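A.B. asks: what's the 3D shape of this:
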Amino acid sequence: AYESGPGDQALKPHTDPYGTFIIAVAGVKVWTTCIPMPTPEEEEARFPNITFAQVLEESSRLHKEFPWKQVTSDAEMCQLKELCKRNIPGCTPYQVSELQHFKCQNITLQAGDVLYMPKGVIHYAKADPESGSLHLTIGLHSDNLR
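C.D. replies: Numbers count the residues shown, from 1 in each chain. So this is what the prediction gives:
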């Protein structure tokens, strides 16, 4: 359980090494989720013998061949970012200034709302300045799902 006072932001932007369900119990909290988009510098970043840009290019080619399937989902883009940062397990911290090139959106949760946060999605939350908030987080640790 996470309780936040009015206007509080408990954690800086980060990823989690597993998917989570966030259940709003009381108050209001605005969650910001961000999906990485490749910057020119990252086009030079390498994972084993391939650049981020090449992965996206191959994904685009596959999408043309199989238009009914989105080959690179937002969650997969987040995993690619973790790989580019050489952080396989996840839980990567970010500064807000790093998110300017990312595709971000705000999602407001009120009591009774549930949000699924896939592994690797960059996120942070800020409680409503008047009400504060209380939410539960259920982590889907892969070791427990086998």
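
A.B. asks: When you work out contacts or count neighbours from here on, use the C-alpha atoms and nothing else.
C.D. replies: OK.

A.B. asks: Please name the residues that touch the nearest residue to residue 134 once chain neighbours are set aside.
C.D. replies: Nearest-residue entry for residue 134: residue 3, 4.4 Å, with adjacent residues in sequence omitted and distances by C-alpha to C-alpha, 6 or more residues apart in numbering. Taking C-alpha atoms under 8 Å, 6 or more residues apart in numbering as the definition of contact, the neighbours of residue 3 are 132, 133, 134, 135.

A.B. asks: same deal with residue 93?
C.D. replies: 12, 13, 14, 15.

A.B. asks: Show me where this protein has its strands.
C.D. replies: Along the chain, the stretches classed as strands by DSSP state E are 2-4, 19-35, 46-47, 50-51, 103-110, 114-117, 122-127, 133-140.

A.B. asks: And the fifth one, what's buried?
C.D. replies: Of the residues in strand 103-110, those buried by neighbour count under the rule 16 or more other C-alpha atoms under 10 Å are 108, 109, 110.

A.B. asks: Please pull out the lowest mean pLDDT helix or strand from the protein.
C.D. replies: Averaged element by element with mean pLDDT, DSSP states H and E, the chain has its least confident helix or strand at strand 46-47 (a mean of 45).

A.B. asks: Separate out the buried members of the contacts of residue 93.
C.D. replies: Among the contacts of residue 93, those classed as buried by 16+ other C-alpha under 10 Å are 13, 14, 15.

A.B. asks: Mark which of these are part of helices, please.
C.D. replies: Members of these lying in helices (criterion: DSSP state H): none.

A.B. asks: which one of the residues you listed is nearest residue 124?
C.D. replies: Ranked by distance to residue 124 (C-alpha to C-alpha), the buried ones among the contacts of residue 93 are led by residue 13 at 4.7 Å.

A.B. asks: pLDDT value on that closest one, please?
C.D. replies: Among the per-residue scores, residue 13 shows a pLDDT of 93.

A.B. asks: now do residue 105
C.D. replies: Per-residue confidence for residue 105 comes out at a pLDDT of 96.

A.B. asks: for residue 53, same thing?
C.D. replies: Model confidence at residue 53 (pLDDT) stands at 66.

A.B. asks: Thank you, goodbye.
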